[in-house]
Structures are given as structure tokens and as C-alpha cells.
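Novice: model this:
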Amino acid sequence: MATHITEDCINCGACEPECPNEAISEGDEIYVIDPELCTECVGFYDHEACQAVCPVECCLPDPKHVESEEVLLERALRLHPDDAKLKERAAANNYPSRFRKLAGPWCLFRSASPGLVQPFSVLWAAGEVFRCCTRLTWSPRGR
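Specialist: This is a model prediction of the structure:
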């Protein structure tokens, strides 16, 4: 889901330089985010950079633009075709994303279902039994 800026914006401009996609610009009355450029910082940070610096917390998820981590990563790759590090991290499925933050940086888990590797939050929401497969070590949930 793209992030949007609410009418609580005080036009401080703190968010604009933080966006890795240049999706934020000054609008008529408040700053605005172009949903076609916003990747929610997937591929760049484990949080939304604009939210982190906003002093009035007006950079919020936009319920009108719900998107998956996969769609956001594809957009990041399309917007940054010359970013070799981003391509390498994406190919290795080892990139920062707020979707993976609950499990720690870039941590994936293997489900009890054969062949299913997903971010922690996806498996937790599905009620799956899973094991951590970070750094090729296996440990039971909760250890």
C-alpha cells in the first residue's frame, strides 16, 4: 500500500529528501506522495523513511492503495534499473522491508508446509508452524 500524507502536514519538508524514490513533492497546501513512485521503502529500509522523520506523524499507509511486498519490490527494481545492490539483494531475497521487520532484518522462516518460505508476519498471520532459516541455521519457534 502506498503511503500518503494527511492534512495534518505542517509543510516542514523533512520527508522529501528521505524518500529513495523521489515520490514526495510539495503540493499546493501540503506535501504529497505519488503512489506510482512509492515503494514504502521496500528494498531500501526496514521502515518507511518518511514516517520516521515526520514530526507530526502524518505519513500514513493509504488504504486506497493496498499493495503487496512483491509488487512494491518490483516497482523499486523498475524505478532503479541501474542499482546493482538492490538487484543483488532482490535476487537473493535478502532485502530490507517493513513487511519483514517483525522477524528482524531480512529474516525468512520455513513453514511446516513443504517448500514454503515466507516472511515471519505472513506465516504468523496464517497460523503456520515454522522454523527460522536465517544464516542456514534452524531453530524451533521461540528459541
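Novice: where along the protein do the helices fall?
Specialist: 49-53, 69-79, 84-91, 120-126 (DSSP state H).
Novice: quick one: average confidence on the third one?
Specialist: Along helix 84-91, the predicted confidence averages to a pLDDT of 96.
Novice: same for that helix, what does it pack against?
Specialist: helix 69-79 (3 or more Cβ pairs under 8 Å, 6 or more residues apart in numbering; DSSP states H and E). Placement of C-beta: from N, CA and C, glycine included.
Novice: got the contact list for the helix it packs on?
Specialist: 20-21, 37, 39-40, 42-44, 83, 86-87, 90, 95, 97, 99-100, 119 (Cβ atoms under 8 Å, 6 or more residues apart in numbering).
Novice: cutoff 7 Å now
Specialist: 21, 37, 39-40, 42-43, 86-87, 90, 95, 97, 99 (Cβ atoms under 7 Å, 6 or more residues apart in numbering).
Novice: If any of those are buried, give me the PyMOL selection for them.
Specialist: Buried residues among the contacts of helix 69-79 (16 or more other Cβ atoms under 10 Å), as a PyMOL selection:
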select buried, resi 21+37+39+40+42+43+86+87+90+95+97+99
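Novice: Export the contacts of helix 69-79 to JSON lines and append columns for distance to C54.
Specialist: Listed next are the contacts of helix 69-79 as JSON lines, based on distance: Cβ to Cβ, whole Å:
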{"residue": "N21", "distance to C54": "17"}
{"residue": "L37", "distance to C54": "18"}
{"residue": "T39", "distance to C54": "17"}
{"residue": "E40", "distance to C54": "14"}
{"residue": "V42", "distance to C54": "18"}
{"residue": "G43", "distance to C54": "21"}
{"residue": "L86", "distance to C54": "24"}
{"residue": "K87", "distance to C54": "30"}
{"residue": "A90", "distance to C54": "27"}
{"residue": "Y95", "distance to C54": "23"}
{"residue": "S97", "distance to C54": "20"}
{"residue": "F99", "distance to C54": "20"}
